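S.K.: what shape does this take:
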Amino acid sequence: MCSGVPAAGYVRGMAEGSVASNVEAQRVVVPEPTSSEQRPRNEAARLLLREWLADESGYDEATWPIARRAIEAHRLSTRPRFDG
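M.R.: Below you'll find the model as predicted:
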């Protein structure tokens, strides 16, 4: 989300059997935003998405091969991350 607030009912804490199992988990339940609070966030997200889709700068096309090579070079298994 744009505000950095997790979705309704999101619970933060440690999973059972985690490495730090001797530390007690803290849980925070975040209430769901009202429709009047959510509507402007949704509109902002739609506008941003339209802007991204309309981008014709060529940035993505130029940087993706570089990022792809770096991801492949630093993978943790022998299996390729991408097809082709």
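S.K.: contacts, neighbours, all on C-alpha from now
M.R.: Fine.
S.K.: Asp60 and Leu53, how far apart?
M.R.: Distance, Asp60 to Leu53, using Cα to Cα, to the nearest Å: 11 Å.
S.K.: neighbours of Ser36, how many?
M.R.: Neighbourhood size, Ser36 [other Cα atoms under 10 Å]: 8.
S.K.: helix, strand, or coil at it?
M.R.: For Ser36, the secondary-structure state derived from DSSP: H, G, I helix; E, B strand; the rest coil is helix.
S.K.: now do the contacts for it.
M.R.: Counting by Cα atoms under 8 Å, 6 or more residues apart in numbering, Ser36 makes contact with nothing.
S.K.: for Val29, see how far away it is.
M.R.: Separation of Ser36 from Val29 (Cα to Cα): 20 Å.
S.K.: could you do Ala70 as well?
M.R.: 38 Å.
S.K.: tell me how many other residues surround Tyr59.
M.R.: Residues within reach of Tyr59, counting by other Cα under 10 Å, total 9.
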